[in-house]
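Student: sequence first, then the predicted structure, then my questions.
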Amino acid sequence: MYNKSSHSSGRKPFSSRSGPSAGSGYKPSRFGRGRPSSGGGSRFGGGRGAPRRGGPKGDYIDPSKFINKAIITEEVEHFVPEHKFHEFNLLPELKQAIVAKGYVLPTPIQDRAIPHILKETDVVGIANTGTGKTAAFLIPLINKVLHNRKENILIVVPTRELAIQIEQELKGFTKGMKIFSVCCVGGANIGLQIRDLRYHNNFVIGTPGRLKDLIERKVIHLSFFKNIVLDEADRMLDMGFIADMRFLMAGMQKDRQTLFFSATLSSEIEKLIKEFLREPVRISVKTSDTAKTVDQDVVKVPKGGSKLDVLHDLLKQKEFSKVLIFGKTKHGVEKLSKMLAERGFKAESIHGNKTHGNRQRSLKLFKDSHIQVLVATDVAARGLDIADVSHVINFDIPATYDDYVHRIGRTGRANKKGKALTFI
(Lines give C-alpha, C1' and ligand atoms only; values in the text may rest on other atoms or scores of the structure.)
Protein backbone atom coordinates (compact mmCIF):
# COMPACT_ATOMS: atom_id res chain seq x y z
CA MET A 1 0.00 0.00 0.00
CA TYR A 2 1.13 3.49 -0.70
CA ASN A 3 1.86 6.15 1.93
CA LYS A 4 1.14 8.94 0.57
CA SER A 5 22.80 21.49 -33.96
CA SER A 6 25.12 24.06 -33.79
CA HIS A 7 27.01 24.25 -37.13
CA SER A 8 30.64 25.25 -36.99
CA SER A 9 32.07 27.57 -39.59
CA GLY A 10 33.73 26.30 -42.70
CA ARG A 11 31.05 23.81 -43.72
CA LYS A 12 30.60 23.09 -47.36
CA PRO A 13 27.20 23.60 -48.99
CA PHE A 14 25.25 20.40 -49.53
CA SER A 15 25.86 18.75 -52.88
CA SER A 16 23.37 16.34 -54.34
CA ARG A 17 26.31 14.14 -55.17
CA SER A 18 27.18 13.65 -51.56
CA GLY A 19 24.21 12.10 -51.11
CA PRO A 20 -2.54 12.60 0.76
CA SER A 21 -3.81 12.72 4.13
CA ALA A 22 -6.68 10.68 5.54
CA GLY A 23 -8.92 13.73 5.46
CA SER A 24 -8.56 14.01 1.70
CA GLY A 25 -10.45 10.81 1.00
CA TYR A 26 -7.39 9.20 -0.53
CA LYS A 27 -7.77 5.42 -0.56
CA PRO A 28 -4.91 3.56 -2.20
CA SER A 29 -5.15 0.08 -3.64
CA ARG A 30 -2.87 -1.95 -5.83
CA PHE A 31 -3.22 -1.15 -9.48
CA GLY A 32 -4.10 -4.33 -11.34
CA ARG A 33 -3.50 -5.35 -14.91
CA GLY A 34 -7.04 -4.61 -15.99
CA ARG A 35 -7.59 -1.44 -17.93
CA PRO A 36 -9.17 1.25 -15.77
CA SER A 37 -12.52 2.66 -16.67
CA SER A 38 -12.37 5.94 -18.54
CA GLY A 39 -15.62 7.22 -17.10
CA GLY A 40 -15.83 10.28 -14.93
CA GLY A 41 -15.05 13.52 -16.63
CA SER A 42 -13.77 16.57 -14.87
CA ARG A 43 -13.57 20.28 -15.39
CA PHE A 44 -9.92 19.74 -16.27
CA GLY A 45 -10.69 17.73 -19.38
CA GLY A 46 -11.52 14.34 -17.95
CA GLY A 47 -13.83 13.50 -20.83
CA ARG A 48 -12.86 11.05 -23.51
CA GLY A 49 -11.53 13.66 -25.89
CA ALA A 50 -11.20 13.49 -29.65
CA PRO A 51 -11.15 10.13 -31.40
CA ARG A 52 -7.71 8.75 -32.06
CA ARG A 53 -6.62 7.82 -35.55
CA GLY A 54 -4.88 4.53 -36.03
CA GLY A 55 -4.99 3.60 -32.36
CA PRO A 56 -5.22 0.12 -30.88
CA LYS A 57 -8.34 -1.71 -31.98
CA GLY A 58 -8.45 -4.62 -29.54
CA ASP A 59 -6.54 -7.64 -28.34
CA TYR A 60 -6.43 -9.58 -31.61
CA ILE A 61 -3.03 -11.22 -32.02
CA ASP A 62 -1.83 -11.41 -35.59
CA PRO A 63 -0.48 -14.88 -36.49
CA SER A 64 2.77 -13.25 -37.61
CA LYS A 65 3.52 -12.64 -33.95
CA PHE A 66 4.17 -16.39 -33.65
CA ILE A 67 6.81 -16.21 -36.39
CA ASN A 68 9.84 -14.67 -34.76
CA LYS A 69 13.11 -14.74 -36.59
CA ALA A 70 16.35 -14.50 -34.61
CA ILE A 71 14.62 -13.49 -31.39
CA ILE A 72 16.98 -12.41 -28.65
CA THR A 73 15.58 -12.01 -25.15
CA GLU A 74 17.13 -11.01 -21.88
CA GLU A 75 15.95 -10.82 -18.29
CA VAL A 76 16.78 -7.23 -17.50
CA GLU A 77 16.73 -7.65 -13.74
CA HIS A 78 19.46 -10.33 -13.95
CA PHE A 79 21.23 -8.84 -16.91
CA VAL A 80 24.95 -9.27 -17.40
CA PRO A 81 26.15 -7.69 -20.64
CA GLU A 82 28.09 -9.79 -23.11
CA HIS A 83 30.15 -6.79 -24.14
CA LYS A 84 31.84 -3.72 -22.76
CA PHE A 85 31.79 -0.60 -24.87
CA HIS A 86 35.50 -0.87 -25.66
CA GLU A 87 34.90 -4.36 -27.08
CA PHE A 88 32.54 -3.17 -29.81
CA ASN A 89 34.03 -2.79 -33.28
CA LEU A 90 34.04 1.00 -33.07
CA LEU A 91 36.58 3.57 -34.21
CA PRO A 92 38.93 4.89 -31.47
CA GLU A 93 37.58 8.46 -31.48
CA LEU A 94 34.05 7.18 -30.87
CA LYS A 95 35.23 4.91 -28.06
CA GLN A 96 36.89 7.94 -26.47
CA ALA A 97 33.65 9.92 -26.77
CA ILE A 98 31.72 7.09 -25.09
CA VAL A 99 34.19 7.06 -22.19
CA ALA A 100 33.96 10.85 -21.94
CA LYS A 101 30.19 10.57 -21.54
CA GLY A 102 30.71 8.19 -18.62
CA TYR A 103 29.37 5.08 -20.31
CA VAL A 104 30.92 1.89 -18.93
CA LEU A 105 28.60 -1.07 -19.47
CA PRO A 106 25.92 -1.23 -22.17
CA THR A 107 22.26 -1.54 -21.28
CA PRO A 108 20.50 -4.67 -22.57
CA ILE A 109 19.22 -3.01 -25.74
CA GLN A 110 22.63 -1.50 -26.42
CA ASP A 111 24.43 -4.77 -25.76
CA ARG A 112 22.21 -6.67 -28.17
CA ALA A 113 21.50 -4.10 -30.87
CA ILE A 114 24.86 -2.44 -31.49
CA PRO A 115 26.62 -5.50 -32.98
CA HIS A 116 23.76 -6.13 -35.42
CA ILE A 117 23.51 -2.49 -36.48
CA LEU A 118 27.25 -2.44 -37.06
CA LYS A 119 26.73 -5.38 -39.44
CA GLU A 120 24.18 -3.22 -41.29
CA THR A 121 21.33 -5.61 -40.49
CA ASP A 122 17.75 -4.36 -40.24
CA VAL A 123 16.76 -4.37 -36.57
CA VAL A 124 13.48 -4.36 -34.65
CA GLY A 125 14.12 -3.28 -31.08
CA ILE A 126 11.40 -3.79 -28.45
CA ALA A 127 12.33 -2.24 -25.13
CA ASN A 128 10.68 -0.40 -22.27
CA THR A 129 11.13 3.33 -22.40
CA GLY A 130 14.17 4.67 -20.58
CA THR A 131 16.41 1.70 -21.41
CA GLY A 132 18.99 3.54 -23.51
CA LYS A 133 17.74 2.79 -27.00
CA THR A 134 18.74 6.21 -28.37
CA ALA A 135 22.40 5.43 -27.80
CA ALA A 136 21.77 1.90 -29.08
CA PHE A 137 21.19 3.27 -32.57
CA LEU A 138 23.25 6.48 -32.44
CA ILE A 139 26.56 4.85 -31.53
CA PRO A 140 26.74 2.41 -34.49
CA LEU A 141 25.35 5.01 -36.90
CA ILE A 142 27.96 7.57 -35.84
CA ASN A 143 30.57 4.88 -36.44
CA LYS A 144 29.12 4.38 -39.92
CA VAL A 145 29.47 8.09 -40.68
CA LEU A 146 33.04 8.15 -39.40
CA HIS A 147 33.85 5.40 -41.89
CA ASN A 148 32.06 7.20 -44.74
CA ARG A 149 31.37 10.92 -44.49
CA LYS A 150 28.85 10.71 -47.35
CA GLU A 151 26.44 8.61 -45.30
CA ASN A 152 23.07 10.27 -44.71
CA ILE A 153 20.83 9.10 -41.87
CA LEU A 154 17.17 9.98 -41.34
CA ILE A 155 15.74 9.65 -37.82
CA VAL A 156 11.95 9.92 -37.59
CA VAL A 157 10.18 10.44 -34.25
CA PRO A 158 6.63 11.38 -33.20
CA THR A 159 7.28 14.62 -31.29
CA ARG A 160 9.48 17.69 -31.52
CA GLU A 161 10.75 17.25 -27.96
CA LEU A 162 12.03 13.76 -28.71
CA ALA A 163 13.70 14.97 -31.92
CA ILE A 164 15.50 17.75 -30.03
CA GLN A 165 16.48 15.31 -27.30
CA ILE A 166 18.01 12.88 -29.80
CA GLU A 167 19.97 15.65 -31.52
CA GLN A 168 21.34 16.79 -28.15
CA GLU A 169 22.50 13.25 -27.40
CA LEU A 170 24.03 13.01 -30.87
CA LYS A 171 26.02 16.20 -30.28
CA GLY A 172 27.19 14.81 -26.96
CA PHE A 173 28.82 11.90 -28.76
CA THR A 174 30.22 13.81 -31.75
CA LYS A 175 32.04 16.82 -30.26
CA GLY A 176 34.98 17.68 -32.49
CA MET A 177 34.13 15.04 -35.09
CA LYS A 178 32.67 17.47 -37.65
CA ILE A 179 29.51 15.41 -37.91
CA PHE A 180 26.60 17.71 -38.63
CA SER A 181 22.88 17.46 -38.03
CA VAL A 182 19.65 19.38 -38.47
CA CYS A 183 16.46 19.04 -36.44
CA CYS A 184 13.31 19.40 -38.56
CA VAL A 185 10.22 19.81 -36.40
CA GLY A 186 6.94 21.66 -36.58
CA GLY A 187 6.47 24.78 -34.51
CA ALA A 188 10.03 25.90 -35.17
CA ASN A 189 11.20 28.28 -37.90
CA ILE A 190 11.09 26.36 -41.17
CA GLY A 191 13.24 29.01 -42.84
CA LEU A 192 16.13 28.24 -40.52
CA GLN A 193 15.70 24.53 -41.18
CA ILE A 194 15.73 25.13 -44.94
CA ARG A 195 18.91 27.19 -44.53
CA ASP A 196 20.65 24.45 -42.54
CA LEU A 197 19.57 21.81 -45.05
CA ARG A 198 21.50 23.60 -47.78
CA TYR A 199 24.60 22.16 -46.14
CA HIS A 200 25.46 18.51 -45.94
CA ASN A 201 24.07 17.00 -42.74
CA ASN A 202 24.91 13.42 -41.91
CA PHE A 203 21.90 13.26 -39.60
CA VAL A 204 18.45 14.68 -40.31
CA ILE A 205 16.18 14.24 -37.29
CA GLY A 206 12.53 15.20 -37.44
CA THR A 207 8.83 14.63 -37.10
CA PRO A 208 6.88 13.07 -39.99
CA GLY A 209 4.78 16.10 -40.90
CA ARG A 210 7.65 18.58 -41.06
CA LEU A 211 9.88 16.12 -42.90
CA LYS A 212 7.18 15.55 -45.52
CA ASP A 213 6.77 19.32 -45.93
CA LEU A 214 10.49 19.77 -46.52
CA ILE A 215 10.59 16.85 -48.95
CA GLU A 216 7.70 18.29 -50.96
CA ARG A 217 9.59 21.61 -51.06
CA LYS A 218 12.49 19.63 -52.52
CA VAL A 219 14.79 20.63 -49.69
CA ILE A 220 15.27 17.05 -48.52
CA HIS A 221 15.93 14.41 -51.16
CA LEU A 222 15.05 10.98 -49.81
CA SER A 223 16.95 9.18 -52.55
CA PHE A 224 20.20 10.27 -50.88
CA PHE A 225 19.38 8.36 -47.69
CA LYS A 226 20.37 4.73 -47.17
CA ASN A 227 19.71 4.68 -43.42
CA ILE A 228 16.47 5.33 -41.52
CA VAL A 229 15.51 5.04 -37.86
CA LEU A 230 11.83 4.89 -36.91
CA ASP A 231 11.82 5.57 -33.18
CA GLU A 232 8.67 5.32 -31.01
CA ALA A 233 7.02 3.72 -34.05
CA ASP A 234 4.00 2.63 -32.05
CA ARG A 235 3.28 6.21 -31.10
CA MET A 236 3.66 7.46 -34.66
CA LEU A 237 1.11 4.88 -35.72
CA ASP A 238 -1.17 5.86 -32.84
CA MET A 239 -0.93 9.55 -33.75
CA GLY A 240 -2.06 8.93 -37.33
CA PHE A 241 1.32 9.26 -39.04
CA ILE A 242 1.04 6.01 -40.98
CA ALA A 243 0.59 7.72 -44.38
CA ASP A 244 3.57 9.98 -43.74
CA MET A 245 5.69 7.00 -42.67
CA ARG A 246 4.82 5.19 -45.88
CA PHE A 247 5.60 8.33 -47.88
CA LEU A 248 9.05 8.53 -46.33
CA MET A 249 9.85 4.86 -46.80
CA ALA A 250 8.66 4.85 -50.42
CA GLY A 251 11.05 7.67 -51.34
CA MET A 252 14.16 6.07 -49.92
CA GLN A 253 16.62 3.78 -51.58
CA LYS A 254 15.55 0.14 -51.62
CA ASP A 255 19.02 -0.93 -50.55
CA ARG A 256 18.84 0.66 -47.11
CA GLN A 257 19.26 -0.16 -43.44
CA THR A 258 16.07 0.27 -41.43
CA LEU A 259 16.05 0.40 -37.63
CA PHE A 260 12.65 0.16 -35.97
CA PHE A 261 12.20 0.85 -32.26
CA SER A 262 9.03 0.54 -30.23
CA ALA A 263 8.07 0.04 -26.59
CA THR A 264 4.96 -1.93 -27.52
CA LEU A 265 4.14 -4.49 -30.17
CA SER A 266 0.70 -4.77 -31.78
CA SER A 267 -0.74 -6.38 -34.90
CA GLU A 268 -0.52 -3.01 -36.66
CA ILE A 269 3.15 -2.68 -35.74
CA GLU A 270 3.80 -6.21 -37.01
CA LYS A 271 2.32 -5.20 -40.37
CA LEU A 272 4.65 -2.22 -40.57
CA ILE A 273 7.65 -4.41 -39.75
CA LYS A 274 6.75 -6.73 -42.61
CA GLU A 275 6.21 -3.77 -44.91
CA PHE A 276 9.30 -1.73 -44.11
CA LEU A 277 12.07 -4.13 -43.05
CA ARG A 278 13.96 -6.94 -44.72
CA GLU A 279 14.58 -10.05 -42.61
CA PRO A 280 15.16 -8.03 -39.47
CA VAL A 281 16.78 -9.28 -36.32
CA ARG A 282 14.28 -8.90 -33.50
CA ILE A 283 15.76 -7.82 -30.21
CA SER A 284 13.47 -7.85 -27.20
CA VAL A 285 14.74 -6.79 -23.81
CA LYS A 286 11.27 -6.21 -22.48
CA THR A 287 10.33 -8.39 -19.50
CA SER A 288 6.95 -6.78 -18.82
CA ASP A 289 4.76 -3.96 -20.03
CA THR A 290 5.91 -1.70 -17.23
CA ALA A 291 9.32 -1.27 -15.65
CA LYS A 292 10.13 -3.14 -12.44
CA THR A 293 11.42 0.11 -10.93
CA VAL A 294 8.00 1.83 -10.95
CA ASP A 295 5.59 1.32 -8.05
CA GLN A 296 2.04 1.62 -9.37
CA ASP A 297 -1.04 2.53 -7.35
CA VAL A 298 -4.37 4.27 -7.65
CA VAL A 299 -5.82 7.29 -5.87
CA LYS A 300 -9.54 6.91 -5.23
CA VAL A 301 -11.38 10.22 -5.20
CA PRO A 302 -14.64 9.96 -3.22
CA LYS A 303 -17.88 10.65 -5.03
CA GLY A 304 -18.43 14.38 -4.90
CA GLY A 305 -14.82 14.95 -3.83
CA SER A 306 -12.37 17.29 -5.49
CA LYS A 307 -9.55 15.80 -7.52
CA LEU A 308 -7.73 19.11 -7.23
CA ASP A 309 -7.86 19.04 -3.42
CA VAL A 310 -6.55 15.47 -3.35
CA LEU A 311 -3.76 16.44 -5.73
CA HIS A 312 -2.95 19.47 -3.57
CA ASP A 313 -2.54 17.26 -0.48
CA LEU A 314 -0.23 14.93 -2.37
CA LEU A 315 1.99 17.65 -3.76
CA LYS A 316 2.52 19.14 -0.30
CA GLN A 317 4.34 15.98 0.77
CA LYS A 318 8.13 16.16 0.69
CA GLU A 319 8.70 13.09 -1.42
CA PHE A 320 6.71 14.61 -4.31
CA SER A 321 9.76 16.56 -5.40
CA LYS A 322 9.58 16.37 -9.20
CA VAL A 323 6.14 15.46 -10.46
CA LEU A 324 4.89 14.92 -14.00
CA ILE A 325 1.10 15.12 -14.21
CA PHE A 326 -0.82 13.90 -17.24
CA GLY A 327 -4.13 15.32 -18.39
CA LYS A 328 -6.27 14.40 -21.36
CA THR A 329 -6.81 17.71 -23.13
CA LYS A 330 -4.71 20.77 -23.92
CA HIS A 331 -7.27 23.06 -22.29
CA GLY A 332 -7.48 20.89 -19.17
CA VAL A 333 -3.70 20.72 -18.81
CA GLU A 334 -3.32 24.49 -19.08
CA LYS A 335 -6.14 25.10 -16.60
CA LEU A 336 -4.75 22.63 -14.06
CA SER A 337 -1.29 24.15 -14.31
CA LYS A 338 -2.64 27.65 -13.61
CA MET A 339 -4.78 26.47 -10.67
CA LEU A 340 -1.79 24.73 -9.10
CA ALA A 341 0.25 27.91 -9.52
CA GLU A 342 -2.53 29.89 -7.82
CA ARG A 343 -2.25 27.46 -4.88
CA GLY A 344 1.45 28.23 -4.54
CA PHE A 345 3.03 25.34 -6.40
CA LYS A 346 5.77 25.95 -8.94
CA ALA A 347 4.01 24.50 -11.98
CA GLU A 348 4.24 24.79 -15.75
CA SER A 349 2.43 23.12 -18.65
CA ILE A 350 3.42 21.52 -21.92
CA HIS A 351 0.88 20.83 -24.66
CA GLY A 352 0.21 21.33 -28.35
CA ASN A 353 -1.29 24.81 -28.07
CA LYS A 354 1.91 26.29 -26.65
CA THR A 355 4.54 27.67 -28.97
CA HIS A 356 7.68 25.68 -29.56
CA GLY A 357 9.72 28.18 -27.54
CA ASN A 358 7.35 28.10 -24.57
CA ARG A 359 7.29 24.30 -24.58
CA GLN A 360 11.07 24.20 -24.50
CA ARG A 361 11.14 26.80 -21.71
CA SER A 362 8.72 24.81 -19.53
CA LEU A 363 10.63 21.62 -20.21
CA LYS A 364 13.98 23.15 -19.28
CA LEU A 365 12.59 24.57 -16.02
CA PHE A 366 11.37 21.08 -15.11
CA LYS A 367 14.54 19.32 -16.19
CA ASP A 368 16.65 21.75 -14.18
CA SER A 369 14.37 21.30 -11.13
CA HIS A 370 13.40 24.98 -11.02
CA ILE A 371 9.75 23.91 -10.85
CA GLN A 372 8.13 21.05 -8.94
CA VAL A 373 5.31 20.18 -11.35
CA LEU A 374 4.98 19.81 -15.11
CA VAL A 375 1.44 19.19 -16.37
CA ALA A 376 1.38 17.58 -19.82
CA THR A 377 -0.67 15.95 -22.51
CA ASP A 378 0.34 12.57 -23.92
CA VAL A 379 1.48 13.99 -27.24
CA ALA A 380 3.68 16.68 -25.72
CA ALA A 381 5.44 14.37 -23.27
CA ARG A 382 5.99 11.34 -25.48
CA GLY A 383 9.50 9.97 -25.22
CA LEU A 384 10.82 12.63 -22.86
CA ASP A 385 13.94 11.63 -20.95
CA ILE A 386 13.91 13.67 -17.74
CA ALA A 387 16.15 12.66 -14.88
CA ASP A 388 14.87 12.03 -11.36
CA VAL A 389 11.12 12.34 -11.88
CA SER A 390 9.85 11.21 -8.48
CA HIS A 391 6.20 10.71 -9.46
CA VAL A 392 3.99 10.39 -12.48
CA ILE A 393 0.35 11.22 -11.75
CA ASN A 394 -2.43 10.31 -14.16
CA PHE A 395 -4.86 13.07 -13.25
CA ASP A 396 -6.99 11.92 -16.17
CA ILE A 397 -7.12 8.23 -17.07
CA PRO A 398 -5.19 7.47 -20.27
CA ALA A 399 -7.12 6.47 -23.37
CA THR A 400 -5.27 3.17 -23.85
CA TYR A 401 -3.07 0.85 -21.83
CA ASP A 402 -0.20 1.61 -24.18
CA ASP A 403 -0.55 5.28 -23.27
CA TYR A 404 -0.40 4.28 -19.62
CA VAL A 405 2.80 2.34 -20.19
CA HIS A 406 4.44 5.28 -21.87
CA ARG A 407 3.26 7.79 -19.28
CA ILE A 408 4.61 5.92 -16.29
CA GLY A 409 7.84 5.23 -18.14
CA ARG A 410 8.83 8.83 -17.44
CA THR A 411 9.72 7.78 -13.87
CA GLY A 412 11.79 4.89 -12.57
CA ARG A 413 14.41 5.48 -15.27
CA ALA A 414 18.05 4.42 -15.23
CA ASN A 415 17.32 1.79 -12.54
CA LYS A 416 16.05 4.42 -10.09
CA LYS A 417 12.82 3.94 -8.15
CA GLY A 418 9.76 5.86 -9.24
CA LYS A 419 6.09 5.96 -8.38
CA ALA A 420 3.01 6.18 -10.61
CA LEU A 421 -0.41 7.15 -9.30
CA THR A 422 -3.65 7.06 -11.28
CA PHE A 423 -6.72 9.03 -10.16
CA ILE A 424 -9.94 7.06 -10.34
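Tutor: All right, it came through fine.
Student: first-to-last residue distance for stretch 117-125?
Tutor: One end of stretch 117-125 sits 11 Å from the other (C-alpha to C-alpha, to the nearest Å).
Student: residues of that stretch that come out buried?
Tutor: Residues of stretch 117-125 classed as buried by neighbour count (16 or more other C-beta atoms under 10 Å): I117, L118, T121, D122, V123, V124, G125. Every C-beta, even on glycine, is put in place using the N, C-alpha and C of the backbone.
Student: also stretch 328-341?
Tutor: So, applying 16+ other C-beta under 10 Å, buried residues of stretch 328-341: K328, T329, K330, G332, V333, E334, K335, L336, S337, M339, L340, A341.
Student: and for stretch 261-272?
Tutor: F261, S262, A263, T264, L265, S266, S267, E268, I269, E270, L272.
Student: narrow these to those in strands?
Tutor: F261, S262 (DSSP state E).
Student: may I see the buried residues of stretch 117-125 arranged in a markdown table, with distance to M252 and pLDDT as well?
Tutor: Listed next are these as a markdown table, based on distance: C-beta to C-beta, whole Å; pLDDT from 0 to 100:
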| residue | distance to M252 | pLDDT |
| --- | --- | --- |
| I117 | 17 | 97 |
| L118 | 21 | 97 |
| T121 | 17 | 96 |
| D122 | 13 | 97 |
| V123 | 16 | 96 |
| V124 | 17 | 95 |
| G125 | 19 | 94 |
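Student: sort out for me which of those are in helices.
Tutor: Among these, the residues falling in helices (DSSP state H) are I117, L118.
Student: P81: which of the buried residues of stretch 261-272 is nearest?
Tutor: Nearest to P81 among the buried residues of stretch 261-272: F261, at 18.9 Å, using C-beta to C-beta.
Student: show me the two of the buried residues of stretch 328-341 that sit farthest apart.
Tutor: K328 and A341 (19.9 Å).
Student: returning to what we had before: go through the buried residues of stretch 328-341 and say which is closest to D313.
Tutor: Nearest to D313 among the buried residues of stretch 328-341, with distances taken as C-beta to C-beta, is L340, at 12.5 Å.
Student: is it true that that closest one lies in a helix?
Tutor: Yes. Counting by DSSP: H, G, I helix; E, B strand; the rest coil, L340 is found in a helix.
Student: separation between it and S306?
Tutor: L340 sits 13 Å away from S306, going by C-beta to C-beta, to the nearest Å.
Student: roughly how far is stretch 170-178 from the heart of the chain?
Tutor: Its chain's C-alpha centre lies 21 Å from the corresponding centre of stretch 170-178 when counted by C-alpha atoms, centre = their mean, to the nearest Å.
Student: contacts for it, please.
Tutor: Outside stretch 170-178, the residues that touch it by C-beta atoms under 8 Å, 6 or more residues apart in numbering are 5-6, 8, 93-94, 97-98, 101, 135, 138-139, 142, 146, 179, 181, 203, 205.
Student: can you pull the contacts of the residue lying closest to I114 once chain neighbours are set aside?
Tutor: Once flanking residues are discounted, I114 sits nearest to P140: 5.2 Å by C-beta to C-beta, 6 or more residues apart in numbering. By C-beta under 8 Å, 6+ apart, the residues touching P140 are L90, A113, I114, I117, L118.
Student: now with 7 Å?
Tutor: By C-beta atoms under 7 Å, 6 or more residues apart in numbering, the residues touching P140 are I114, I117, L118.
Student: just put the residues you listed in TSV and tack on distance to I242.
Tutor: TSV is the format used below for the contacts of P140 (distance: C-beta to C-beta, whole Å):
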residue	distance to I242
I114	29
I117	25
L118	30
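Student: what is the nearest of the residues you listed to H356?
Tutor: Nearest to H356 among those, with distances taken as C-beta to C-beta, is I117, at 31.0 Å.
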